[in-house]
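Student: here is my input, please return the structure:
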Amino acid sequence: MKKNGGIKVIARETGVTPESAGYLSSTIQELDDHLQKLIVEDKLQCAGYLLARHGKTFALRSMGPLRYDEDRPFLPDSIRRIASITKVFVAVSIMQLVERGLLRLDQAVAEIIPEFNKPGLNAITIFHLLTHTSGLRPDPGAFFEPYPEDYSWFRRKNWIKSALSGPQAVEPGKEWRYSSTCFTILGEIVTRVSGTHFETYVIENITRPLQMTETFFDVPDDLEERVCFANKWEYKWYQRNKTETRPKWAAPRAGGGLFSTMENLARLGQMLLNKGTLDGKRVLARKTVESMTRNHLHGVKNYCWGAGGTEMEYGLGFNVYSNNTFLSPGSFSHEGAGLCGLYVDPVEELVFVYICPLNEKYGWLPEAVINLRNIAWSGLI
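Tutor: Next up, the predicted model:
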């Protein structure tokens with residue numbers, strides 16, 4: 001345990017030096033300093049990151065307290081809710097079913113979910129859901145205007161009807177609107193088409209083959225002490241989900257229900273970097289990964305979170321990059337609220353995972369995402 005700037009940094013030994021991976025050791029210190037500063041400024045509660053290149057992890061580090069009301073340290077193997085990174089597991093599940101011939105991307109959702117069989121909704125396809133271009137309700141806060149309901153629809157018996165309430169803001173395919181509703185619907189599609197509940201499907205077809213042994217929708221009781229909470233709301237939400245019996249009709253936790261660790265997320269990233277395989281297990285076909293991680297949107301505008309109508313690049317469940325300051329063309333990522341992120345740069349063969357739990361007064365913090373990412377890529381030799 002190393003003391004640095006008043007915040008202790010815990011570095012897990014990986015057996016690989018940064019230099020042997022083609023990375024500057026000095027940049028590791030810069031990453032530590034940057035995150036320590038954000039913790040001291042009370043913008044982050046704690047932070048951790050993992051860097052792997054050419055399939056080998058050369059940095060796995062953490063700092064700050066595990067919980068908002070405790071002094072126990074956030075460790076390199078601490079467990080954290082990964083929020084919307086769950087959507088990557090949804091996308092992988094859908095594409096596995098496409099590979100098996102059970103789904104088509106141009107297939108109307110109404111063929112599977114009858115509630116979509118009405119004017120406007122019947123034009124929505126699985127592709128629209130995967131690319132956030134369905135026109136369905138965006139996440140609360142994406143726009144500065146009221147919506148019929150917030151996430152309360154999630155807990156209703158007729159949750160699909162509730163999720164589809166209110167008028168469509170735009171026609172399918174016309175605009176990028178980030179929507180957890182879309183991915184909850186996709187989770188339901190996985191259940192109906194595969195015959196296995198979405199959450200069980202993910203365990204059986206993704207986390208188990210990838211040996212992601214510490215990735216769960218429900219954290220086992222004996223591992224609960226390792227779970228990171230950044231505020232009282234997170235803890236109450238966790239306890240509510242733990243103690244409630246989920247009815248069979250409950251919406252799948254496909255928009256953001258998984259918990260994981262940095263090392264487990266890196267295994268997912270490495271599988272994608274390897275074009276669908278990890279340790280001899282194939283989870284996706286090579287052509288599937290190539291399709292998921294290239295841009296599928298052309299001339300589609302993004303107005304979410306003040307984007308102002310910029311043209312959006314998006315894959316099948318991933319942010320994709322063709323003209324970023326540091327990321328190589330072909331890089332892809334997904335972030336999660338709270339904050340966490342998984343980035344893959346195929347050109348540099350780099351996987352970057354970060355977990356940066358925010359102080360509850362912040363909804364998002366560019367210094368913990370964009371600035372952090374820029375520092376991380378600047379270390380490549």
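Student: tell me, please, where in the stretch 1-150 of the chain the pLDDT is lower than the cut-off.
Tutor: Judged by pLDDT under 70, the stretch 1-150 of the chain has its weakly predicted residues at 1-5, 141-150.
Student: in it, which spans are helices?
Tutor: Per DSSP state H, counting those that start in this stretch, the stretch 1-150 of the chain carries helices over the ranges 25-40, 86-99, 126-130.
Student: output the first one in CSV with nothing but the alpha carbons.
Tutor: Below are the C-alpha coordinates for helix 25-40, written out as CSV (Å, rounded to 0.1, in the frame of the first residue of the first chain):
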residue,chain,number,x,y,z
SER,A,25,5.4,4.0,-16.0
SER,A,26,5.3,7.7,-15.5
THR,A,27,1.7,7.7,-16.9
ILE,A,28,0.6,5.3,-14.2
GLN,A,29,1.7,7.9,-11.7
GLU,A,30,-0.2,10.6,-13.6
LEU,A,31,-3.3,8.5,-13.6
ASP,A,32,-2.9,8.0,-9.8
ASP,A,33,-2.3,11.7,-9.2
HIS,A,34,-5.3,12.7,-11.3
LEU,A,35,-7.7,10.4,-9.5
GLN,A,36,-6.3,11.3,-6.1
LYS,A,37,-7.0,14.9,-6.8
LEU,A,38,-10.6,14.2,-7.7
ILE,A,39,-11.0,12.3,-4.4
VAL,A,40,-9.4,15.0,-2.4
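Student: chain center to it, what's the gap?
Tutor: 23 Å (Cα atoms, centre = their mean, to the nearest Å).
Student: cool, the last one as well?
Tutor: The gap between the average C-alpha position of helix 126-130 and the chain average comes to 17 Å, counting by Cα atoms, centre = their mean.
Student: who touches Q168 in this structure?
Tutor: 120-121, 135-136 (Cβ atoms under 8 Å, 6 or more residues apart in numbering). Backbone N, C-alpha and C define where each C-beta goes, glycine included.
Student: one more: L210?
Tutor: L210 neighbours (Cβ under 8 Å, 6+ apart): 267-268, 271, 278, 281, 283.
Student: and the contacts of the helix or strand containing V202?
Tutor: Taking DSSP states H and E as the criterion, V202 maps to helix 198-202. The contact list for helix 198-202 (Cβ under 8 Å, 6+ apart) reads 89-90, 93, 187-188, 190-191, 194, 217, 252-254, 257-258.
Student: quick one: mean pLDDT over that helix.
Tutor: Averaging pLDDT along helix 198-202 gives 98.
Student: swap in stretch 255-267?
Tutor: Mean predicted confidence for stretch 255-267 is 98.
Student: can you give me the end-to-end span of it?
Tutor: Length of stretch 255-267, first residue to last, Cα to Cα, to the nearest Å: 21 Å.
Student: check which element follows the helix holding V202 along the chain.
Tutor: helix 232-243.
Student: what's the first helix or strand after that following helix?
Tutor: Past helix 232-243, the next helix or strand by DSSP H and E is strand 259-260.
Student: now for that following strand, which elements pack on it?
Tutor: Secondary-structure packing of strand 259-260 (3 or more Cβ pairs under 8 Å, 6 or more residues apart in numbering; DSSP states H and E): strand 80-81.
Student: partner strands of the strand it packs on, with direction?
Tutor: strand 259-260 (antiparallel) (DSSP bridges).
Student: show me how far the strand it pairs with is from its chain's centre.
Tutor: Centre to centre, stretch against its chain (Cα atoms, centre = their mean), the figure for strand 259-260 is 10 Å.
Student: could you do stretch 312-323 as well?
Tutor: 14 Å.
Student: picking up where we left off before, strands - which of the contacts of L210 land there?
Tutor: Counting by DSSP state E, the part of the contacts of L210 found in strands is 278, 281.
Student: neighbour count and distance to K361 for the contacts of L210 - can I get that in a markdown table?
Tutor: Conversion of the contacts of L210 to a markdown table gives the following (neighbours: other Cβ atoms under 10 Å; distance: Cβ to Cβ, whole Å):
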| residue | neighbour count | distance to K361 |
| --- | --- | --- |
| R267 | 22 | 33 |
| L268 | 27 | 31 |
| M271 | 25 | 36 |
| L278 | 20 | 39 |
| K281 | 12 | 43 |
| V283 | 21 | 39 |
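Student: who's the closest residue to I28 other than its chain neighbours bridged to?
Tutor: Closest residue in space to I28, ignoring its immediate chain neighbours: A59 at 5.5 Å, by Cβ to Cβ, 6 or more residues apart in numbering. As for beta bridges, A59 partners with L51 under DSSP bridges.
Student: dump the residue contacts of A59.
Tutor: 11, 14, 18, 23, 28, 31, 49-51.
Student: ok, now how distant is it from L268?
Tutor: 18 Å (Cβ to Cβ, to the nearest Å).
Student: and which of the contacts of A59 is nearest M312?
Tutor: M312 has its nearest neighbour among the contacts of A59 in Y49, at 26.8 Å by Cβ to Cβ.
Student: what about that closest one, distance to D77?
Tutor: Y49 is 13 Å from D77, by Cβ to Cβ.
Student: could you verify my assumption that G257 touches F217?
Tutor: Yes. With contact defined as Cβ atoms under 8 Å, G257 reaches F217; the gap is 5.2 Å.
Student: any idea how far the residue of the chain most remote from its centre is from W159?
Tutor: In the chain, the greatest distance from the average C-alpha position (Cα atoms, centre = their mean) is reached by P119, at 31.9 Å. Noted for P119: a distance of 22 Å to W159, by Cβ to Cβ.
Student: which residues does Q270 contact?
Tutor: 52, 55, 278, 351.
Student: hang on, I meant V283
Tutor: V283 touches 92, 96, 205-206, 209-210, 271, 276-277, counting by Cβ under 8 Å, 6+ apart.
Student: repeat that with 7 Å
Tutor: Neighbouring residues of V283 by Cβ atoms under 7 Å, 6 or more residues apart in numbering: 92, 206, 209-210, 271, 276.
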